[in-house]
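Undergrad: here you go, sequence then predicted model.
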Amino acid sequence: MIMTAPVNLRPHSARWLSVLVLAALAGGYLIAAMLPDAGPPVSMLLSLVRLFGLIGAFVLFIDSHGQQANAPDAMLDERQRGERDSAYVRSYQIILGSLFLVLIYTLPAKFFGWRFPDRDAGIDLLSAFAIAGLALPGIILAWRAREDEADLG
Amino acid sequence: MVSENDSPSLHNRLALFRTERGMSRKELAELTQVNPQTIGFLERGTYGPSLELGLKLAAVFGVPVETLFSLTPFQPLASQLRPRQSGDEI
């Protein structure tokens, strides 16, 4: 019942990385969506931030917390299955809640002529949600993990 | 963390039995087919086991499940021994 993962971050390291990844995703994709006419230097900077967010999310995905979040039932004991399921429920609530916030924004935005995402910005937003959704269950498990138990598997 | 199966009303003497047998958490985890971290969660009382896991743990120590788990707090060993010792003296 001890899983081996390609990356084994300690809980506090995974938490720090998760904060940076979520900030990079929010900054890189949302700012890009809000500034479609940004000049080359800003676009380049935002691309680098997005790349960091993508790589960081992938690291969190293959980290032991991410692996626990995506492991089949047979690989986990009853407590780990409960934690995994709970992390998925919370991820679902966060992603769906965020999507609804965007949806709620678009309704008056269309009516009052506020900034409305074009096709490219829409793809950026979808990418941010997809990448965040990929890493979120593992991030939640990392935030709930106990530091003193990390060495026990 | 507080597990979803957090059960503050369930008390156990898992750590006592395990240390008495000179067993590590890892060894107990292997015998009951759970992750070693789960033994830590059980011992701290931050996770309430399923009936199946409770029975497995009791079987490892060869005791009835109610010897290991209780809905009321267990009396400390010292307080259980004290009356008997004072009774012996009388």
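TA: Perfect, I can see it now.
Undergrad: which element is A:Leu46 on?
TA: In the assignment (DSSP states H and E), A:Leu46 maps to helix A:40-62.
Undergrad: tally of neighbours for residue 40?
TA: Assuming you mean chain A. Each residue near A:Pro40 was counted by other Cβ atoms under 10 Å in any protein chain shown, and the total is 7. Using the backbone N, CA and C atoms, a C-beta is placed for each residue, glycine as well.
Undergrad: should've been chain B
TA: Neighbourhood size, B:Gly40 [other Cβ under 10 Å]: 19.
Undergrad: same check, this time on B:Glu52
TA: Counted with other Cβ under 10 Å, residues neighbouring B:Glu52 total 10.
Undergrad: next up, the contacts around it.
TA: Applying Cβ atoms under 8 Å, 6 or more residues apart in numbering or on different chains to B:Glu52 gives the contacts A:Glu78.
Undergrad: repeat that for 6 Å
TA: When the contact criterion is Cβ atoms under 6 Å, 6 or more residues apart in numbering or on different chains, B:Glu52 has no partners at all.
Undergrad: find the nearest non-adjacent residue to B:Arg25, please.
TA: What sits nearest to B:Arg25 in space, not counting adjacent residues and going by Cβ to Cβ, 6 or more residues apart in numbering or on different chains, is B:Ile39, at 4.3 Å.
Undergrad: picking up where we left off before, packing partners for the helix holding A:Leu46?
TA: Other helices and strands packing on helix A:40-62, by 3 or more Cβ pairs under 6 Å, 6 or more residues apart in numbering or on different chains; DSSP states H and E, are helix A:11-25, helix A:119-144.
Undergrad: could you list every helix and strand in contact with the shortest one?
TA: I take that to be helix A:11-25. helix A:40-62, helix A:119-144.
Undergrad: for A:Phe112, find the nearest of these.
TA: Nearest to A:Phe112 among the helices and strands packed on helix A:11-25 is helix A:119-144; the distance by Cβ to Cβ comes to 17.8 Å.
Undergrad: what's that closest one packed up against?
TA: Checking 3+ Cβ pairs under 6 Å, 6+ apart, helix A:119-144 ends up next to helix A:11-25, helix A:31-34, helix A:40-62, helix A:64-70, helix A:78-112.
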